[in-house]
Structure formats: structure tokens, C-alpha cells
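Student: give me a model of this one.
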Amino acid sequence: MLVAAAVCPCPPLLVPEVAAGAAPELDAARDACADAVGVLAASRPDLLVVVGPAQGGGSYRQGAVGSFAGFGVDLSVRLGPVEPAESELPASLAVGAWLLERAGWADAPVAGLAVDQELTPQLCAGAGEELAARAARVALLVMGDGSACRTLKAPGYLDERAASFDEVVSAALGAADTRTLSGLDDRLAYDLKVAGRAPWQVLAGAARNADLAGRMLYEDAPYGVGYFVSVWS
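Tutor: Sure, this is the predicted structure:
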């Protein structure tokens, strides 16, 4: 059963070594993410699953290693405080693993689930239900960004639909509104380059009967990309 969830953005720039001189620009987001991970620890889960977007999807066991070498930084992270496993984490889960390492996570076993960004809402919901059934007390760290089309300089250029889409997402994440998240238009999300759509719909499936309350900790659109940090407990 799902007992808590934290939603965080997943840009590698969240890692100060990757952001380099621009690191202070995301200090508020990092602080909010740290608070969100603290809520997960306080929920005393039997299992924590980090969920994030990645082409092709896949499951990762505790100890899987992620690297930021592709972003010009000699830095690696592990999914949970155990001996390294052979599989390599995709970027979104590597950022999640970094958040856990930063918080000194040692509260429960950790696993990872990468979700293909083209997975249908129905299959996302089913994956979430399966995650919630994996232990008596399950917590999720859900990694994903909003639209990447909020400004002219955004990665996806300016799309007039982006701000309203992110407003709907923000309200749903802040209210633990599983119905709205489940109903997000996957094709519109794809057009707006929303990396978080599939992971958020996995969360919605996991939380469908959990009766959790939501709280928004951070919301902004630096670099023209929607970033949200929220907790459900």
C-alpha cells in the first residue's frame, strides 16, 4: 500500500556539480526536494521506489549505479546504500539516487522503475497499482518535469498551451488529485515535452485508494521548464 510520495523535478542541473556556476539558481528547488525526501523517511516505508522517465523503461534493483559523465562531470551515484549492481541508471533515476544520497537515505530498501514517456495512461496506472502492492508500506520518489515550452528560450520554444497545462498539473500535484493526473492528455504532454506525465500517472495509479493528502513545496519554471516539488502523505 502506498503510504507516502514525493514528486521532484529531474534535470541533471539539480546536481550542483553539473550546474557548476549556475548552481545557486536551483538552491530553492534542492531545499524543497530535501524536505520532500524527509517526508518519505518519516513515513517509515518497507520499500522505496524511485520512478522516472526514460526511453524504453525498465526496472532497477538496489545498488544500480548512475553516472553524470555524459554531462561532463566525473560523478556517480548508487540507488540505495549497498554494493553496486551492474545495471546503469537512466538520468532521471540517477538524479533521484543523488537526492537520496544527499539525504543519507538508509531507511528502507530502494528500487527503481523507469517509465517510457510514450506509455499509455492506462498502462501507467497499472504499473502504479503493481508498485503499491509490492510491500505493506510503499513510498514513491517520483521524478519528472513539466512542460519545456514556457518561454522563447525554453528547450521546446514557446507554446501558448504550456502554462495552462502546468497550472493543471500543479493543482493536481498539490492536492493529491489522482483523477486529474490520470486524465492528463498524453499526446498534448508529448507535444509540450512534459517528461513527468508518465511517472505522475504511475503515481496516480499507486495512490488511487490510498487517501493521501498533498502539499506543494516548490513551483517555478527556470529555463522555461516547469518544475514542481510536492509531497503526498
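Student: ranges for the helices of this structure?
Tutor: Remark: helices assigned in the chain by DSSP state H are 16-19, 27-42, 91-102, 121-132, 162-175, 178-182, 186-191, 197-206.
Student: which one of those helices lies nearest to residue 147?
Tutor: With Cβ to Cβ as the criterion, residue 147 lies closest to helix 162-175 of the helices of the chain, at 3.8 Å. Bear in mind the C-beta positions are built from the backbone N, C-alpha and C, glycine included.
Student: go through that closest one and flag the buried ones.
Tutor: 162-163, 165-166, 168-170, 172-175 (16 or more other Cβ atoms under 10 Å).
Student: let me have the helices of the chain in TSV, extended by distance to residue 9 and mean pLDDT.
Tutor: Putting those into TSV (distance: least, Cβ to Cβ, whole Å; pLDDT from 0 to 100) gives the following:
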stretch	distance to residue 9	mean pLDDT
helix 16-19	13	95
helix 27-42	6	98
helix 91-102	8	98
helix 121-132	19	98
helix 162-175	11	98
helix 178-182	16	98
helix 186-191	15	98
helix 197-206	11	98
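Student: deepest of the ones you listed, which one?
Tutor: Sort the helices of the chain by mean neighbour count, taking mean count of other Cβ atoms under 10 Å, and helix 197-206 sits at the top with a mean of 29.
Student: hey, C-alpha coordinates of that helix in CSV?
Tutor: Output of helix 197-206 as CSV, limited to C-alpha atoms (Å, rounded to 0.1, in the frame of the first residue of the first chain):
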residue,chain,number,x,y,z
ARG,A,197,3.5,12.8,-17.5
ALA,A,198,4.0,9.0,-17.3
PRO,A,199,5.6,9.0,-13.8
TRP,A,200,2.8,11.2,-12.5
GLN,A,201,0.3,8.8,-13.9
VAL,A,202,2.1,5.9,-12.3
LEU,A,203,1.8,7.8,-9.0
ALA,A,204,-1.9,8.3,-9.6
GLY,A,205,-2.4,4.6,-10.1
ALA,A,206,-0.4,3.7,-7.0
